[in-house]
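Q: Quick one: sequence plus predicted model below, questions after.
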Amino acid sequence: MKKFLTASAILAVAFTATAKLSPSADSHGYPINPVSFTKVKVTDSFWGQRLKASRETTIPLAFDKCEESGRYENFRKATNPSDDYKVEGFSFDDTDVYKTIEGASYLLQTYPDKRLENYIDSVLAIVAAAQEPDGYLNTCRTMNPRHPHPWAGSRRWEKVEELSHEFYNLGHMVESAIAHYQATGKRNFLDIAIRYADCVCREIGDGPGQVCRVPGHQIAEMALARLYLVTGEKKYLDQARYFLDKRGHTSRTDSYSQAHKPVTEQNEAVGHAVRAAYMYAGMADVAALTGDSAYIKAIDRIWENITRKKYYITGGIGATRHGEAFGANYELPNHTAYCETCAAIGNVYVNHRLFLLHGESKYYDVLERTLYNGLISGVALDGGSFFYPNPLASYGDHERKPWFGCACCPSNISRFIPSIPGYVYASEGDNLYVNLFMSNSADLNVGGKDVTLTQTASYPLDGHIYLSIGRNSKGAFSLKLRIPGWVRNNPVPGDLYSYIDGKTPGFSVMLNGKSADGELTADGYYTISRKWKKGDRVELHLDMEPRIVKARDEVEADNKLVAIERGPLVYCAEGAVTNHSGSPYPAAGNPNEGNGFFTAAGDGRSESADAFENDFDIHSVIVPAHPEISATLRPDRFNGIVELAIPVQVMDTDADGRISLSDNTLTLIPYYAWSHRGRSYMSVWMKTASRLFSSR
């Protein structure tokens, strides 16, 4: 990577302004204003560790892999095309470069780093040099136009509805370029993206000389909507809407591609889960900017279908490995669950946008469940190894990997984790929403009033959250504190999952040491309206104790099984498994690789193998009907967790086939922390006594 850091490389291309930028790159069109990642400085232990791992390991590793795997070389080859080049890899490999730059750009806001900024500029120099004169930029075609990637077709856009990913590449390029512009103020990447977007707008459409195509893999829709807001050029919004409105009206009309019906007539989540989520997010963006209520109604219907029938307790979506897709209603297998990390990220995008449209906490209930469970499980605590699928059960056949040939999940994690600060707060008029709980300091604007807010929390270890009003924070506004569904006895919106332990947790809110004079409103927020002053202090307490959950009977995979939660976290049991050496514990392995300018560190494991408490088959345990679950703070494990212990009976079978039961204690850890000690059995759902009795 050092070879790209020369001054000549950085200056190898001249960047020109091709569009007049609007005054603010933070515009969005939604009724509720998200507070930009640039305004929130996270000081939290839980998320601070994740951001540190992203800065020190994940993003350096991703940059290293882009060089090592030939991603950069593809751009250099595209600069000087040749019939001799053999086009290998995937048609979307360019996006790994874009996504990693996006994540690094977010980090630059919190951790300014001139060396990293210069490195990004050196990469952008080779990206710009590969762009064709009319703006087209897709290395898997440009490097060898006569013999491009087999997924690319014989000419531009020919297979864009199938596997060429030309519009997908555009989408990630634009998303990354905007993040880079917001973080640095530089236009070098933004101008590259604008030129490619202009190329697409010229060549795709219903006019003379244009071709009618829609993305095979969606993301360009939401990217183009954002590009419209940054540049003020309405053609980008029009192109985003064209891609949506033409879906189902081209040669591609299958449900796998979400093209079986016009988007405004769809009412069920079907097909490839990542593509679907990105499309729904794009629909929300276009709806916010155009006021098209038909888009919003369609997304609302699809959201109801997901949360009531196709949503994993860990927040994952996409049940089947076949096509990385949604399954049928209530089809939620555990061991074969796909729950791709990218799909979890897409689910966060959708629910964030629905909150910005509707202002109801239920969307953040879904977002939080996904975020704290099925999303961050996709990356090890040290940031150096990854899951592609995130199953809910394992027989020792899953472990995180240092990278993948198809690297969409690691590079997506690279861009997502650093963007977390942008999901904490939002505002609407005189309302300030506090949506996520983590220690941070924020400079906000609420109804034209500057507000400095400091939040202190040990969430999700406990439910104590403190908010302090800082300097220059005078004036009246309403502070809206999200009261999570898990506190209000509702694990998810709808009735797909429910608590069965009979507990009634609660919450309390104090203002300056006294009970606050506010109310829990129908939108799921506790609202305090007053004239605030410097030094005002709000204390929110959320009861956080272990809860027992069951799924609807229609979910056959979870029939008569239970799961355990505490606060926003889903727990799992993890146990030892015999490896190839015959040891009852797995050997450490798969160290991450690093080279060149950045070096990745760590092997993704924070515990030694002998830390497994469950030295029995955790798939054979039986949870009693009314267990006493103990919770113990373990600051020494997984960077600090609350560990749960539950009395169980363990089934065993002797040589004659006789079943015996023995008493034992089952230790549970947060789902996101599993597989940090090597290969092992794992399960989120566990048998109950009623299941054993019904089998007799």
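A: It's in.
Q: Could you grab the helix/strand/coil label for the spatially closest residue to Lys235 that is not a sequence neighbour?
A: Distances taken as CB to CB, 6 or more residues apart in numbering place Cys201 nearest to Lys235, at 5.1 Å, with adjacent residues excluded. All C-beta atoms are positioned from the backbone trio N, CA, C, and that covers glycine. In three-state terms, and counting by DSSP: H, G, I helix; E, B strand; the rest coil, Cys201 is helix.
Q: my guess is Cys201 contacts Gln239, does it?
A: Yes. Between Cys201 and Gln239 there is a contact at 5.1 Å, judged by CB atoms under 8 Å.
Q: more neighbours, the two?
A: Neighbour count, other CB atoms under 10 Å: between Cys201 and Gln239, Gln239 has more, with 25 against 18.
Q: Pull the contacting residues for Tyr312.
A: Ala319, Leu332, Ala337, Cys339, Gly374, Leu392 (CB atoms under 8 Å, 6 or more residues apart in numbering).
Q: Asp94 versus that one, what's the distance?
A: 31 Å (CB to CB, to the nearest Å).
Q: Touching the helix or strand that contains Phe46 from outside, list them.
A: If you go by DSSP states H and E, Phe46 is part of helix 45-53. For helix 45-53, contacts defined as CB under 8 Å, 6+ apart pick out 42, 107, 110, 376, 379, 381-384, 417-418, 420, 438-439, 458-461, 639-640.
Q: what does stretch 627-638 give?
A: 381, 461, 545-546, 548, 564, 566, 606-607, 611, 640-648, 669-670, 673, 676.
Q: Which residues are in contact with Val286?
A: By CB under 8 Å, 6+ apart, the neighbours of Val286 are Glu221, Ala225, Leu237, Ala240, Arg241, Leu244, Asp292, Tyr295.
Q: Asp450 reaches Asp443, doesn't it?
A: Yes. Look at Asp450 against Asp443 with CB under 8 Å: they come within range, at 7.3 Å.
Q: still on that earlier bit, and the least confident of the contacts of Val286?
A: For the contacts of Val286, the weakest pLDDT value sits at Asp292, with 93.
Q: And that one, how close does it get to Val286?
A: Counting by CB to CB, the gap from Asp292 to Val286 is 7 Å.
Q: about what we covered before: among the contacts of helix 45-53, name the ones in strands.
A: Val42 (DSSP state E).
Q: what are the ranges of the helices in the stretch 551-696 of the chain?
A: Using DSSP state H, counting those that start in this stretch, the helices of the stretch 551-696 of the chain run over residues 689-694.
Q: do the same with the stretch 251-400 of the chain
A: 273-290, 293-309, 341-358, 361-369.
Q: Just put the ones you listed in a markdown table and tack on distance to Gly89.
A: A markdown table is the format used below for the helices of the stretch 251-400 of the chain (distance: least, CB to CB, whole Å):
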| stretch | distance to Gly89 |
| --- | --- |
| helix 273-290 | 19 |
| helix 293-309 | 32 |
| helix 341-358 | 18 |
| helix 361-369 | 33 |
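Q: So which of those is nearest Glu324?
A: Among the helices of the stretch 251-400 of the chain, the nearest to Glu324 by CB to CB is helix 273-290 (6.1 Å).
Q: which one is Gly327 nearest to, not counting chain neighbours?
A: Nearest one to Gly327, counting by CB to CB, 6+ apart, is Ala319 at 3.5 Å.
Q: Report pLDDT for that neighbour.
A: At Ala319, pLDDT is 97.
Q: That one reaches Lys310, doesn't it?
A: Yes. Between Ala319 and Lys310 there is a contact at 7.0 Å, judged by CB under 8 Å.
Q: what do those two both touch?
A: Phe326, Gly327, Glu331, Leu332.
Q: Which of the residues you listed sits closest to Ser36?
A: Among those, and counting by CB to CB, the member closest to Ser36 is Phe326, at 31.9 Å.
Q: Phi first, then psi, for the nearest residue to that closest one once chain neighbours are set aside.
A: Distance criterion CB to CB, 6+ apart; nearest residue to Phe326, sequence neighbours excluded, is Ala269 at 4.9 Å. Dihedral pair for Ala269: phi -80, psi 120, per degrees, to the nearest 10.
Q: tell me the contacts of Ala269?
A: With the criterion set at CB under 8 Å, 6+ apart, Ala269 makes contact with Ala276, Ile302, Asn305, Ile306, Lys310, Ile317, Phe326.
Q: Quick check: the nearest residue to Ser439 once chain neighbours are set aside vs Leu367, distance?
A: Sequence neighbours aside, Asp44 is the residue nearest to Ser439 in space, at 4.0 Å (criterion: CB to CB, 6+ apart). Using CB to CB, Asp44 is found at 17 Å from Leu367.
Q: same check, this time on Gln210
A: 38 Å.
Q: And those two? Which one has more around it.
A: Neighbours were counted for Gln210 and for Leu367 using other CB under 10 Å; Leu367 has more, 24 against 13.
Q: circling back: would you format the contacts of Ala269 as TSV with neighbour count and distance to Val127 included?
A: TSV is the format used below for the contacts of Ala269 (neighbours: other CB atoms under 10 Å; distance: CB to CB, whole Å):
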residue	neighbour count	distance to Val127
Ala276	28	29
Ile302	24	35
Asn305	19	39
Ile306	23	36
Lys310	24	38
Ile317	29	32
Phe326	28	34
